[in-house]
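[1] mind looking at a prediction? Sequence and model below.
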Amino acid sequence: MIDLFKQVKLLYVEDDITIRPIFERFLKRKVQNLFVAADGLEGYEMYHEFKPDLILTDIKMPKMNGIEMAKKIRETDKNIPIIVLSAHSESDFFVEAIEAGVSGYLMKPIDKSKLFSTLERNIKVALFEKNRKEQDELLQDVIDMQPSIVFLGNTDKSMLFANKVFLDFFDLDMNLTDMANDKNLMYEELKKKNNVILKDINEDTFWLDYIFEGRNDSFVIQIKKDNELTNFLVKTKHIEKHSSEDEYTIIITLIEMT
């Protein structure tokens, strides 16, 4: 049977010098890699340095408390499980912890069996997210191998993937993580550039809107780059999801016309 605990990196943040070594010994026997921080600021720095799969943290700590640390981490990472340990006297932090996006909340004194089950549940979430990222990175590698300019989008104007050729061509400084954290980021950046004209179609229409709102299989656009206009044939393929005509994934390829 696979030991889930041996597959993850855990960051443990606790300022209490009496409690910390006890749980450090317990956790070291469970997880693959354990990183220990003495306050929220150190925990935040270690999160960026070691990229743990999940976080176990106290609330009241010097320099930066556990809630503040969770909020800062959530600014760039919406998915990592964060489990908060709290004394009964700190129950007023419960609502704030939920708003900060914590994944679990355990009251002190900590029952080890409850801690174990909470960790196990969140490790499953962490491993699912880890596998999803690996699959996304593999898909990104496959897309990057394509010589044409390719990206995938949804009808809600979210951009799912784009290959390196596309990103380089449009001078978009972003990567897979950026797109995963904000699926509208690429759409907004392309709209700001405003360097694409729909040929023989209303020039005031944003070309991506034309794709998202229509079902045209192919049309021509002009792209202004380095003060030169180049014609591209746009080919689209719409893949319906859940048998709904209003929900589909769009695969778009741009081919330069010579």
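    Cool, got the structure.
[2] any idea how far residue 153 is from residue 31?
    Distance of residue 153 to residue 31, given as C-beta to C-beta, to the nearest Å: 39 Å. Where C-beta positions appear, they are placed from N, C-alpha and C, glycine not excepted.
[3] ok, which stretches of the protein are helices?
    19-28, 40-50, 66-74, 94-99, 112-144, 164-169, 176-181, 185-193, 207-213 (DSSP state H).
[4] chain center to the second one: distance?
    Averaging C-alpha positions (C-alpha atoms, centre = their mean, to the nearest Å) puts helix 40-50 18 Å from its chain's average.
[5] and for the fifth one?
    Distance of helix 112-144 from its chain centroid, counting by C-alpha atoms, centre = their mean, is 12 Å.
[6] tell me what angle it forms with helix 19-28.
    Computed by axes from the mean of the first three to the mean of the last three C-alpha atoms, to 10 degrees, the angle separating helix 112-144 from helix 19-28 equals 60 degrees.
[7] so what's residue 82 up against?
    54, 55, 57, 70, 73, 100, 101, 102, 103, 104 (C-beta atoms under 8 Å, 6 or more residues apart in numbering).
[8] ranking those residues by neighbours, who comes first?
    For these, the largest number of neighbours (other C-beta atoms under 10 Å) sits with residue 55, at 29 neighbours.
[9] wait, what's in contact with that residue?
    By C-beta under 8 Å, 6+ apart, the neighbours of residue 55 are 10, 11, 12, 13, 43, 47, 70, 73, 80, 81, 82, 83.
[10] just residue 201 next, same as before
    For residue 201, the contacting residues are 210, 219, by C-beta under 8 Å, 6+ apart.
[11] likewise for the one 5 residues further on?
    When the contact criterion is C-beta under 8 Å, 6+ apart, the partners of residue 206 are residue 191.
[12] and which of the contacts of residue 55 is nearest residue 164?
    residue 80 (26.5 Å; C-beta to C-beta).
[13] surely that closest one touches residue 56?
    No: using C-beta atoms under 8 Å, residue 80 is not in contact with residue 56; the gap is 11.5 Å.
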